[in-house]
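> Kindly generate the corresponding structure for this input.
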Amino acid sequence: MRTNTDTNTMELRDRVVKINRVAKVVKGGRRFKFSSLVVVGDGQGRVGFGMGKAGEVPASIAKAVEEAKKNMITIPLRGSTIPHAVLGVFGAAKVMMKPASQGTGIIAGGAVRAVMDVAGVHDVLTKIIGTNNHHNVLYATFAGLQSLMNEEEVIRLRGKLPGSSPSAKEKETSRS
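Predicted coordinates:
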């Protein structure tokens, strides 16, 4: 894991999820290149991922980091966990994420662990269902994280205002 400084003076951490060697068969043999899958986050709820391809591993990682910085999203956090349970789906990959009590840690594997670590989620329970393809699991994780909503967003979407709901006494008097 490396730490980079962005132009906005925020600390960004990146983690390499997968490095894959790919080969192109040509007349004289095989030409090898490298494909890197990287997640980048600031530890405060901002996270992104990117893929880079190049002839050398460091160059492919650098390209992936640049793409990840462009694709960053902000996720709502409740303390050190996510606000509610969510299921992210992409292709055959399903990623179930549930909030956990403080001190539980990151119960996740593979790409999901890397995302939660750099995003700043310290307590979460996750389960990968279906395929364990790193790309699809990463897309499913981000689909789930994008569908997270904090309490204020839910209240606004439901058209409720805090304190505007009738109390139990008012409900009883209106029934009589």
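
> for stretch 31-50, which positions count as buried?
Neighbour counts over stretch 31-50 (16 or more other CB atoms under 10 Å) mark 33-43, 45-50 as buried. The C-beta positions use only the backbone N, C-alpha and C, and glycine is treated the same way.

> what does the host helix or strand of Lys127 rub up against?
Using DSSP states H and E, Lys127 sits in strand 124-130. Residues outside strand 124-130 that contact it (CB atoms under 8 Å, 6 or more residues apart in numbering): 81-82, 92-100, 104, 106-110, 112, 116, 137.

> Strands - which of those residues land there?
Counting by DSSP state E, the contacts of strand 124-130 place 93-99, 106-107 in strands.

> give me the low-pLDDT residue ranges for this structure?
Applying pLDDT under 70 to the chain flags residues 1-9, 162-176.

> If we use 80, what do you get?
Applying pLDDT under 80 to the chain flags residues 1-10, 160-176.

> Please identify which pair of the ones in strands among the contacts of strand 124-130 lies farthest apart.
Ala93 and Pro99 (20.9 Å; CB to CB).

> okay, those two: which has more neighbours?
Between Ala93 and Pro99, counting by other CB atoms under 10 Å, Ala93 is the more crowded of the two (23 against 19).

> Confirm for me that that one is in contact with Thr131.
Yes - taking CB atoms under 8 Å as the definition, Ala93 is a contact partner of Thr131 at 4.9 Å.

> Parallel or antiparallel, list what pairs with the strand ranked longest in the chain.
Determined from DSSP E, the single longest strand within the chain is strand 11-26. Using DSSP bridges, the strands paired with strand 11-26 in its sheet are strand 2-5 (antiparallel), strand 29-41 (antiparallel).

> gap between Lys160 and Ile128?
Applying CB to CB, to the nearest Å, the value for Lys160 to Ile128 is 35 Å.

> got it, and Thr81?
Distance, Thr81 to Ile128, by CB to CB: 18 Å.

> Next: Val137.
6 Å.
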